[in-house]
Each structure stands twice: as C-alpha cells, then as structure tokens.
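Peer 1: coordinates for the following, if possible.
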Amino acid sequence: MTSGVDLVRQQLLVALGQPLEITQADIVCNGHSIECRINAEDPYNFTPSPGLITGVRLPGGPGIRIDTHVAAGYRVPTHYDSLIAKLIVHAPTREQAIIRMRRALAEMQIDGVSTNLQLHREILEDSAFAEGGTDIHHLEHWLAARGAQ
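Peer 2: Numbering: from 1, shown residues only. As a prediction, the model looks like this:
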C-alpha cells in the first residue's frame, strides 16, 4: 500500500524464472499503512472458532482495502488457518492511518463465529500503540497487564 508495487506479481515473476520488473531505486514509499489480520478465533485466548458465518459487513472507502474469501453462508473449517480477512488501510500519516483503521474496524462485522475484531479495536485505542515505538512483545505484555486488572 505504501509503495504501489504488487509484491505478489513480482514474486510470481521470480518463481517463473523471469527478472523483476523493477529495481530497488524504483520503489518509493508514500504514507503509512496498517494491516489487521481478522481471524475466526477467541479474541483473548486465540482458540479457533470454526462454524457458520451468518452475516458479514465489510468497510470501504478511500484508503481501505479488504482481502477476504468469506461471505454469509461460508463455513469456517476446523482443520485450517483461522484467517478470514486482511483489513489494510493507507493514509498520509500514521495518525491518519490509525483513525482510518479505527473507523474501518468499527464498520466491520462478522456474525456467527467469534473473531478477533474487538481485540484489534482495543489495540488501536491503546496509547502506547498510537504513540509508536512498540515492539513484537507489546501484545503479550498488553494482554498480561489486562489479565492482572
């Protein structure tokens, strides 16, 4: 989203033995992007939530992209990855990207199975996340602190 480069296309070209169509010098990043991976799982203990999706409402608008295969009537299987959607936003600044993601998460609804949508909503409201500078352990520390309350 920040470079405008279709990375999957470039990967497929390489896999087919063809040269990349671009060089590193061709890549110019613009703005900020955030991705939330929406899973059919309990939002706090991460156990899978297979079952029938009975309703779906997806966000839209400028700077919002959703990659998904689900619709009402889709059955989340028990034996596969619980990923059901990738919600991606892009905006000129980090602050604007956070606001855009908050709005997109508020608009998104998936009924019939548990999802981690509420967890993403809460993380986007976390001041440490909003300020930036968090590391890969932020979520585990954040969850542990919430459990201690």
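Peer 1: what distance do you get for the closest residue to residue 33 other than its chain neighbours to residue 89?
Peer 2: Once flanking residues are discounted, residue 33 sits nearest to residue 1: 3.9 Å by Cβ to Cβ, 6 or more residues apart in numbering. Every residue, glycine included, has its C-beta placed from N, CA and C. Applying Cβ to Cβ, to the nearest Å, the value for residue 1 to residue 89 is 8 Å.
Peer 1: neighbour count winner among those two?
Peer 2: residue 89 (28 against 18; other Cβ atoms under 10 Å).
Peer 1: can you give me the helices for the chain?
Peer 2: Residue ranges of the helices in the chain, as given by DSSP state H, are 7-15, 94-107, 117-125, 127-131, 138-148.
Peer 1: these two touch, right, residue 56 and residue 76?
Peer 2: No - Residue 56 is beyond contact range of residue 76, at 11.9 Å (criterion: Cβ atoms under 8 Å).
Peer 1: near residue 38, how many other residues are there?
Peer 2: By other Cβ under 10 Å, neighbour count at residue 38 equals 23.
Peer 1: please name the nearest non-neighbouring residue to it.
Peer 2: Residue 38 sits nearest to residue 85 (Cβ to Cβ, 6+ apart), 4.1 Å away.
Peer 1: for the residue nearest to residue 33, give me its contacts.
Peer 2: Neighbouring residues of residue 1 by Cβ atoms under 8 Å, 6 or more residues apart in numbering: 31, 33, 65, 88-90.
Peer 1: specify the beta-bridge partners of the most centrally placed residue in the chain.
Peer 2: By Cα atoms, centre = their mean, the chain has its centre lying nearest to residue 36, at 1.7 Å. Beta-bridge partners for residue 36, by DSSP bridges, are residue 87.
Peer 1: before we move on, back to that, mutual contacts of residue 1 and residue 89, please.
Peer 2: 33, 65.
Peer 1: who touches the lowest-mean-pLDDT helix or strand in the chain?
Peer 2: When each helix and strand of the chain is scored by mean pLDDT, DSSP states H and E, helix 138-148 comes last, with a mean of 81. Applying Cβ under 8 Å, 6+ apart, the set of residues contacting helix 138-148 from outside is 44, 123, 126, 128-129.
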